[in-house]
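S.K.: here is a sequence with its predicted model. Questions after.
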Number of protein chains: 2
Amino acid sequence: MNNSDIENILTNHGIKPTTNRVLVLKDLQKRTSPVNLADLEMSLDPMDKASIFRVLELFSKNDIVHVIEDGSRSIKYELCNGKEHHSVSDQHAHFYCEKCGSVICLDYVKMPDINIPEQYKVKSVNFMFKGICPNCYK
Amino acid sequence: MNNSDIENILTNHGIKPTTNRVLVLKDLQKRTSPVNLADLEMSLDPMDKASIFRVLELFSKNDIVHVIEDGSRSIKYELCNGKEHHSVSDQHAHFYCEKCGSVICLDYVKMPDINIPEQYKVKSVNFMFKGICPNCYK
DNA sequence: ACGTGTTTGCAACCGGTTTGCGCTGTAAAA
DNA sequence: TTTTACAGCGCAAACCGGTTGCAAACACGT
């Protein structure tokens, strides 16, 4: 995916494609699991963390990324699955390894079909498993 | 439930029943939804927050409380359901209201029966819905 | 080139959690 | 009973991500 593709994605979401935004999105596309601010800060050096933060905030508001609370003390971000466009069903379960701190997408674990009472306006779902991952458990 | 009952619970979990620990456990038993450190600090005044923190840490290690990440910036704690003794199925879904910040236990939303591959050692599960609660949505 | 609004980097701040440390109280050893 | 060892405690300070205020840099229409 080249730069102009990325720029199109942003434009389609009503976001002006500035350098920082393109770089952040590009980085996110490379990832196979959710990342936190610090991860991005490192890999996008020397971009400022406040800038990255604001880009992520924007992306999240415009349904480009999901926010994931994995139970580490740090918020993680993951690209939305484009097609389904931020519907709750776009979301899947994650596994957080307490040892190495990595988050693994359990794509095949679909959000179970739960019916929350009408009165609750559900905006997002987090389905996290925590424990030790196969890699660390040896 | 009287003090010696509480002391027994602690002893049964291999914890020496000190004053602070009994008081914290007692407080937790009164709660109907998860609480954070600040909540407990207020209600247990003048107990020191570091002490409360360490008690909770201990309780969590010894399977007396669950730790719940609701996506607010603050960790919440909830008594484990005694009978099932910290099994994953003891856990249930929660709803976090982004407006008033309260967490509601959706007891009737059972943990769906998911099979994570063997190699993952699952220790806990967090199943969080976020949005606006009936109270705030008017 | 000029002026306005947006984006960025820097530095400082914030709030909740966590830690270091010295005092206290309790229980085992002498 | 006295001594000794150690767990538990409170206080204050550190820590750590996330967040914000502000002024400089930039983009863009005029």
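M.R.: Here it is on my side, so go on. Residues are numbered from 1 along each chain as shown, chains lettered A, B, ... in the order given.
S.K.: so who does A:Asn115 touch?
M.R.: Residues near A:Asn115 by C-beta atoms under 8 Å, 6 or more residues apart in numbering or on different chains: none. To be clear about C-beta, it is placed using only N, CA and C from the backbone, and glycine gets the same treatment.
S.K.: what about it, which helix or strand?
M.R.: In the assignment (DSSP states H and E), A:Asn115 maps to no helix and no strand.
S.K.: any idea how far DNA strand D is from the most centrally placed residue in chain A?
M.R.: The residue lying closest to the centre of chain A (C-alpha atoms, centre = their mean) is A:Glu78, at 1.5 Å. As for A:Glu78, its distance to DNA strand D is 13 Å (criterion: C-beta to the nearest atom of the strand, to the nearest Å).
S.K.: now swap in A:Pro134 and tell me
M.R.: From A:Pro134 to DNA strand D the distance is 25 Å (C-beta to the nearest atom of the strand).
S.K.: quick check: phi and psi at that residue.
M.R.: Note on A:Pro134: backbone dihedrals following degrees, to the nearest 10 are phi -50, psi -40.
S.K.: distance between the ends of stretch A:103-120?
M.R.: From its first residue to its last, stretch A:103-120 covers 28 Å (C-alpha to C-alpha, to the nearest Å).
S.K.: show me what the residue nearest to the centre of chain A is bridged to.
M.R.: Beta-bridge pairing for A:Glu78 (DSSP bridges): A:His66.
S.K.: how close does it sit to B:Lys99?
M.R.: 25 Å (C-beta to C-beta, to the nearest Å).
S.K.: my guess is the residue nearest to the centre of chain A contacts A:Gln29. True?
M.R.: No: if you go by C-beta atoms under 8 Å, A:Glu78 and A:Gln29 don't touch, sitting 10.9 Å apart.
S.K.: strand partners (parallel or antiparallel) of the strand ranked longest in chain A?
M.R.: In chain A, with assignment by DSSP state E, the single longest strand is strand A:121-132. Strand A:121-132 has its sheet partners listed here by DSSP bridges as strand A:92-97 (parallel), strand B:121-132 (antiparallel).
S.K.: would CSV of those with distance to B:Leu58, mean pLDDT and mean neighbour count be doable?
M.R.: Output for these, formatted as CSV (distance: least, C-beta to C-beta, whole Å; pLDDT from 0 to 100; neighbours: other C-beta atoms under 10 Å in any protein chain shown):
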stretch, distance to B:Leu58, mean pLDDT, mean neighbour count
strand A:92-97, 22, 87, 22
strand B:121-132, 16, 87, 19
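S.K.: next one: the helix or strand bottoming out on mean pLDDT in chain A to chain centre, how far?
M.R.: Least confident helix or strand, chain A: strand A:103-110 with a mean of 79, by mean pLDDT, DSSP states H and E. Strand A:103-110 sits 13 Å away from the centroid of its parent chain (C-alpha atoms, centre = their mean, to the nearest Å).
S.K.: same check, this time on stretch A:41-56
M.R.: With C-alpha atoms, centre = their mean, you get 15 Å for stretch A:41-56.
S.K.: stretch A:21-29 too?
M.R.: On C-alpha atoms, centre = their mean, the centre of stretch A:21-29 falls 12 Å from the chain's centre.
S.K.: give the rounded mean pLDDT of that stretch.
M.R.: Across stretch A:21-29, the average pLDDT comes to 97.
S.K.: any residue of it up close to DNA strand D?
M.R.: No: judged by C-beta under 7 Å from any atom of the strand, stretch A:21-29 and DNA strand D are separated, with a smallest distance of 11.6 Å.
S.K.: tell me the buried residues in that stretch?
M.R.: A:21-25, A:27-28 (16 or more other C-beta atoms under 10 Å in any protein chain shown).
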